[in-house]
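K.L.:
Provided below are the primary sequence and the corresponding predicted coordinates.
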Amino acid sequence: MCNRAILLGISTGYIKGQALALRHLAWIEFLSGEHSKAQLYAQQSERLARAAEDLYGEAGAARQEALFWKEVGHYKQSLWLCIQARDLLALCGISASEANLAIMNTQAEVHTCKSEYSKAQDIYTSMLQNVSVNQNAYWHAVALLNIAGVGLLVGVRKDFSQKDIECAQSIFNTSGLKSWVTACDPLLAALCVRENFDSKADV
């Protein structure tokens, strides 16, 4: 399907279509474990989107490539691409969009992978402040959950983290996102394990 779309784009000169098809191909290759091919397709998509002056498409390809680099441990490159993608969305005037929230989430994940917890926490907090439950319940809850996750790593008090997790769980449940409701359980369990460990250490 994607190959046909690329061929059609070439024959019609529709560059945006080619760029979008390459992004789809990149996901297919990534999910198949072909990370090098996935990165190549994402880079090609980014170049075509730039040639078509499609800032939104270029940002999408940059975010996609950032995800790929994160997965193989190239965190510096991933962060650079996240910043680039967010700058492109700012030029589009859609810094408050769902696309930007997704990029911010990736950026924070990279900081967490680098053990830069304060930077990750700052980004998650910014996400939480910039999107209300009514605006986007999913990303608001994800930000809460990730704040709790980082808090667990740095030893934030149990009652603070538990409140965030339970709030996220409630939002997911109300929004019908059942799979995310159960995704909160491992964090709650880890929080209890840490509390028990700390209690024994104090004895």
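P.N.:
Noted; the coordinates are in hand.
K.L.:
continuing past the helix-or-strand element of the chain with minimal mean pLDDT, what's the next helix or strand?
P.N.:
Here the helix or strand of the chain ranked lowest by mean pLDDT, DSSP states H and E is helix 2-12, holding a mean of 57. Sequence-wise, the next helix or strand downstream of helix 2-12 (DSSP states H and E) is helix 15-31.
K.L.:
now the helices for this structure?
P.N.:
Using DSSP state H, the helices of the chain run over 2-12, 15-31, 35-51, 55-71, 75-92, 98-113, 117-130, 137-154, 158-174, 178-183, 185-202.
K.L.:
how much space between residue 38 and residue 112?
P.N.:
22 Å (Cβ to Cβ, to the nearest Å). Where C-beta positions appear, they are placed from N, C-alpha and C, glycine not excepted.
K.L.:
what is the neighbour count of the nearest residue to residue 126 once chain neighbours are set aside?
P.N.:
Spatial nearest neighbour of residue 126, chain neighbours left out: residue 104 (7.0 Å); criterion: Cβ to Cβ, 6 or more residues apart in numbering. Residues near residue 104, counting by other Cβ atoms under 10 Å, number 22.
K.L.:
from memory residue 104 sits against residue 129, does it?
P.N.:
No: in this structure residue 104 lies outside contact range of residue 129 using Cβ atoms under 8 Å: 11.4 Å.
K.L.:
from residue 164, how far off is residue 63?
P.N.:
In this view, residue 63 and residue 164 are 25 Å apart by Cβ to Cβ.
K.L.:
looking at those two, which is more packed in?
P.N.:
Comparing residue 63 with residue 164 by other Cβ under 10 Å, the one with more neighbours is residue 63, at 27 against 24.
K.L.:
could you find the closest non-adjacent residue to the more buried one?
P.N.:
Excluding the flanking residues, the one nearest residue 63 by Cβ to Cβ, 6+ apart is residue 85, at 4.4 Å.
K.L.:
low pLDDT regions in the chain?
P.N.:
Applying pLDDT under 70 to the chain flags the ranges 1-13, 95-96, 196-203.
K.L.:
please repeat the previous calculation with a cut-off of 90.
P.N.:
1-21, 24-25, 92-98, 130-132, 152, 155-161, 177-203 (pLDDT under 90).
K.L.:
contacting residues for residue 51?
P.N.:
Contact analysis of residue 51 by Cβ atoms under 8 Å, 6 or more residues apart in numbering lists residue 15.
K.L.:
try 10 Å
P.N.:
Counting by Cβ atoms under 10 Å, 6 or more residues apart in numbering, residue 51 makes contact with 15-16, 18-19, 58.
K.L.:
what's the neighbour count on the residue nearest to residue 158 when sequence neighbours are not counted?
P.N.:
The spatial neighbour of residue 158 that comes closest, neighbours along the chain excluded (Cβ to Cβ, 6+ apart), is residue 195 at 5.2 Å. By the other Cβ under 10 Å criterion, the neighbourhood of residue 195 contains 13 residues.
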